[in-house]
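Student: Model the structure of this input:
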Amino acid sequence: EVQLVESGGGLVQAGGSLRLSCAASGFTLDDYAIGWFRQAPGSVREGLSCFSAFDGSTYYAESVKGRFTVSSDNAKNTVYLQINSLKPEDTAVYYCAKAGRFDCKGSYYVPAEYEVWGQGTQVTVFS
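Tutor: Numbering: from 1, shown residues only. As a prediction, this is how the structure comes out:
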């Protein structure tokens, strides 16, 4: 069964950091790109990044460049999202998702490009 499980969210003071994990099962990271998204209450799901283990590429939305970093551990089949200098506006449910392709080319910030989603992990930032 193809599955993604996020973890690592929590309640953090502004300026702090978090590392979110996305553990994949039922497929290997080399075969499919992984996207990170977030959704705040009343907002649409926002694409944050796309990571391709196949070609080692990572793309970031302009709004998070410099603060968000994606990494992976292929042995654990896990992708990580490091978030630094957290702001209250980062408060949202964060999701990882498996793309239907191995690379991040194309509309990789569009949720419809992804076929399997994790359950999400809540990040709450207070000032």
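Student: residues contacting the residue nearest the centre of the chain?
Tutor: The centroid of the chain falls nearest to Trp36 when counting by C-alpha atoms, centre = their mean (2.3 Å). Shown in contact with Trp36 (C-beta atoms under 8 Å, 6 or more residues apart in numbering): 20, 22, 47-51, 68, 70, 79, 81, 94-97. The way it works is simple: take the backbone N, C-alpha and C, and place the C-beta from them, glycine included.
Student: again, 10 Å this time
Tutor: For Trp36, the contacting residues are 6, 20, 22, 46-51, 60-61, 64, 68, 70, 79-81, 83, 94-97, 118, by C-beta atoms under 10 Å, 6 or more residues apart in numbering.
Student: for Phe126, same thing?
Tutor: Counting by C-beta under 10 Å, 6+ apart, Phe126 touches Leu11, Val12, Gln13, Ala14, Gly16, Leu86, Pro88, Thr91.
Student: Over to Ala53?
Tutor: Counting by C-beta under 10 Å, 6+ apart, Ala53 touches 24, 28-34, 72, 74, 77, 79, 102.
Student: Return the subset of these lying in strands.
Tutor: Among the contacts of Ala53, the ones falling in strands (DSSP state E) are Ala24, Ile34, Ser72, Val79.
Student: now the strands: where do they sit in this structure?
Tutor: In the chain, the strands defined using DSSP E lie at 3-7, 10-13, 18-25, 34-39, 46-52, 57-60, 68-73, 78-83, 92-99, 114-117, 121-126.
Student: on that earlier part again, can I get the contacts of Ala53 in TSV with distance to Ala40 and neighbour count?
Tutor: Putting the contacts of Ala53 into TSV (distance: C-beta to C-beta, whole Å; neighbours: other C-beta atoms under 10 Å) gives the following:
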residue	distance to Ala40	neighbour count
Ala24	25	23
Thr28	32	12
Leu29	27	22
Asp30	32	12
Asp31	31	12
Tyr32	26	23
Ala33	24	28
Ile34	21	27
Ser72	26	19
Asn74	31	11
Asn77	29	17
Val79	22	27
Phe102	30	15
